[in-house]
Structure formats: structure tokens, C-alpha cells
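Student: Quick one: sequence plus predicted model below, questions after.
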Amino acid sequence: MAEGPPARREQGAGGLPVRNGVAASFVAIPADCRRGLLDFLLERFPAVDGATWIARIARGEVLDERNNVMRADTPCRPNTKVFYYRELDAETPIPFEETILHQDAHLLVVDKPHFLPVVPSGRFLQETLLVRLRRKTGLMDLTPIHRLDRETAGVMLFSHNPATRGIYQSLFQQRAIVKEYEALAGTLRGVTFPLTYRSRMVDGTPFFRMREAPGEANSETVITPLEQRGEHVLYRLEPLTGRKHQLRLHMASLGIPIVNDAFYPDALPCKGDDLSAPLKLLARSLRFTDPLDGAARHFTSLRQL
């Protein structure tokens, strides 16, 4: 059974508490809907059988925006939301553990392993960093305040205090956080280091990829070689902007794609549950001045490529 990734509220969605680390999801009812709840859900999620929805409804786990428990024949109200818990019949365990680096009254800082998605989506639910951390810490208001690809390991910041979350999120918007990555890739010859690479990045094909296009640059990365490792070089990458897949696309565009990159320069067939060849990209560290107390914060990954 598989459901698409509808929008999520992090806690208390539709009056439903976080359950086993998973917040309730919701689906919007379109303006032209004139049918009962079960018929609407079966059409919206064709991969989920009717028995599953009937069981959820019977447990009182499908609610409307007013926190009313809905029945299978409850008429859908157009332009409202229906809240429920996402479920998966089976989920492949990811045998790599996250490490908590720091916790205070506002932030949780974590060293993420390769292959572990940050938030639930598609075929991942319990085996995601957010759900694992909620179960481990009991912090139900936990929310990531920036992103890392599933394939990338390293330092991630989470907020668990809604009152200060926006303050920390604004640091990323203001580019007030210094991010350093490490990547293993081929040798880049004929250039002077450190190299500042800029390009215009836009949505690509398939939908999960980015591409470069003519026009004013909207992405910028500083690239510095650190050491030779056989036929490869370990690079320090400093993204001055935060575009999706920026480091992966920039390195591939320079002719030195990151080792084991299945998206760039070409999208390779899906590896499914094959965890044998991690992308050689690590979010090594984050540095910033804490906006609440002015303290210098510096968090470093314990992992090695």
C-alpha cells in the first residue's frame, strides 16, 4: 500500500496527536467535490484499498477541520481538509544510525547518515530522520529548519521550540549560516583554486533533477581541494546559495561528478534498497552566531567519507 506525499502539519493536525513519531497528514477537498468521504478518498488514493480507509474511519482517525470524526458516508465539504495518519504495509529498514550532537531549549543538532530521508515521503515513513528523532527524544514539535538530500550525510539543524523557530529559519534566508561540505570526486585540472563556480539553476527532467540554463546566476559554490585520495580528490565545498542539488549539479557541470551520484550528470536506474554505494557527499559543518544569545555556534560531523 502506498500513498502519495500529501501536505503535513507537524503536530496536532486535525486534532490528531503525533503517533509513534508520525504527525497527521491532510488532503484538500476540491471545490467541485460532491461525493461521500470514502468515495473521495478511494479516488484520490487509488493505491489504498477501501478496507484500509474503512478501518481508519472506524478507529476515529479521519477528522475534518472542526475535529469532527468523519464517517464513510459523510458528505465532503468543498475547499476543506481531511486529516488522517499515513501508513505503509512494509518499509525497508535503513541500518545506519543518526547521532545527536547538541540539544538545548531551542535546537536539536544531528549527524545524519547516508540513505536516511529527513521527512516522510513516498515509501519512507518510520525510516526517516524526523520520525526517528521524535521517537528517540519525545520532542513532538521537532521540525527540520533546512534540508539535506536522502543521499547526503552530515550536520542538520532541527527546531523543537515553535516560539523561536522562525528566528533560526531566518538565518538560512539571510545566508547568515556558514555551511561547509566535503565531497569525493575526480581531479579538476587547469583551474586556480579556490574556484568560485556560478550558474543559473532551474527545474530539470525528470522532475527530481535540476539543470543549468542561460541567464543570470542564482547559485554559487566555492570549491577547494583538500587532499588526493588515489584517483580521486577530497574537496571542500562552500555553498553561498542553497539551491536544490546545487553541489551535485555544480560538480557534474565541471566534469567531476561526485562519486556514486545516481542523478548527475545522468539519472541512473533506481537502486531501490541497495545501500552499498553511498554518495560521497558530507555536510561537514555549520557555523553561525546564535540570534538569541550572541554565542558562536559551530557543529561538526563525526563522519568520514
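Tutor: Arrived safely.

Student: center of the chain, which residue is that?
Tutor: Val118 (4.2 Å; CA atoms, centre = their mean).

Student: And what about that residue, helix, strand or coil?
Tutor: What DSSP: H, G, I helix; E, B strand; the rest coil gives for Val118 is coil.

Student: Quick check: chain neighbours aside, which residue is closest to it?
Tutor: Spatially, and ignoring its direct neighbours in sequence, Val118 is nearest to Leu129 (4.9 Å; CB to CB, 6 or more residues apart in numbering). C-betas here are computed from N, CA, C, even on glycine.

Student: Surely the one you found is in contact with Lys112?
Tutor: Yes. Shown here, Leu129 and Lys112 form a contact pair, counting by CB atoms under 8 Å, at 5.6 Å.

Student: Between those two, tell me which one has more neighbours.
Tutor: Lys112 (27 against 24; other CB atoms under 10 Å).

Student: Quick check, pLDDT for the more buried one.
Tutor: pLDDT recorded at Lys112 is 98.

Student: Against Val18, how distant is the closest residue to Arg248 other than its chain neighbours?
Tutor: Among residues not flanking Arg248 along the chain, Tyr264 sits closest, at 4.9 Å (CB to CB, 6+ apart). Distance of Tyr264 to Val18, computed by CB to CB, to the nearest Å: 36 Å.

Student: Give me the next element, helix or strand, following the top helix by length along the chain.
Tutor: In the chain, assigned by DSSP state H, the helix with the most residues is helix 162-173. The helix or strand immediately downstream of helix 162-173 is strand 178-185, counting by DSSP states H and E.

Student: could you give the angle of that following strand to helix 162-173?
Tutor: For strand 178-185 against helix 162-173, the angle by axes from the mean of the first three to the mean of the last three CA atoms, to 10 degrees is 60 degrees.

Student: Quick check: Asp73 touching Phe40?
Tutor: No. Using CB under 8 Å, Asp73 makes no contact with Phe40, being 11.1 Å away.

Student: pretty sure Val222 is touching Thr196, no?
Tutor: Yes. Using CB under 8 Å, Val222 is in contact with Thr196, at 5.3 Å.

Student: So which of those two has more stuff around it?
Tutor: Neighbour count, other CB under 10 Å: between Val222 and Thr196, Val222 has more, with 15 against 11.

Student: Who is the more buried one paired with across the strands?
Tutor: The partner list for Val222 in beta bridges (DSSP bridges) reads Thr196, Glu238.

Student: which residues sit in contact with it?
Tutor: Under the criterion of CB atoms under 8 Å, 6 or more residues apart in numbering, the contact list for Val222 reads Pro194, Leu195, Thr196, Tyr197, Leu237, Glu238, Leu240.

Student: among the residues you listed, which ones are buried?
Tutor: Tyr197, Leu237, Glu238 (16 or more other CB atoms under 10 Å).

Student: Surely the second one and Ala183 touch.
Tutor: What that stands for is Leu237. Yes. Taking CB under 8 Å as the contact criterion, Leu237 and Ala183 are neighbours in contact, 5.6 Å apart.

Student: one step back: please report how far the residue nearest to the centre of the chain lies from Cys270.
Tutor: On the measure of CB to CB, Val118 and Cys270 end up 19 Å apart.

Student: closest to Thr164 among the contacts of Val222?
Tutor: Nearest to Thr164 among the contacts of Val222: Leu240, at 25.5 Å, using CB to CB.

Student: which residues does that closest one contact?
Tutor: Leu240 neighbours (CB under 8 Å, 6+ apart): Arg175, Glu220, Thr221, Val222.

Student: hmm, try it at 10 Å
Tutor: Arg175, Val178, Lys179, Thr196, Arg198, Ser219, Glu220, Thr221, Val222, Gln246 (CB atoms under 10 Å, 6 or more residues apart in numbering).

Student: Give me the secondary structure label for Arg135.
Tutor: Per three-state DSSP, Arg135 ends up helix.

Student: for the stretch 101-250 of the chain, what spans make up the strands?
Tutor: In the stretch 101-250 of the chain, the segments counted as strands under DSSP state E, counting those that start in this stretch are 107-112, 143-144, 153-159, 178-185, 195-203, 210-213, 219-229, 232-239.

Student: Throw those into JSON lines and include distance to Asp49, thanks.
Tutor: As requested, the strands of the stretch 101-250 of the chain are arranged in JSON lines below (distance: least, CB to CB, whole Å):
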{"stretch": "strand 107-112", "distance to Asp49": "34"}
{"stretch": "strand 143-144", "distance to Asp49": "32"}
{"stretch": "strand 153-159", "distance to Asp49": "35"}
{"stretch": "strand 178-185", "distance to Asp49": "43"}
{"stretch": "strand 195-203", "distance to Asp49": "34"}
{"stretch": "strand 210-213", "distance to Asp49": "36"}
{"stretch": "strand 219-229", "distance to Asp49": "44"}
{"stretch": "strand 232-239", "distance to Asp49": "44"}
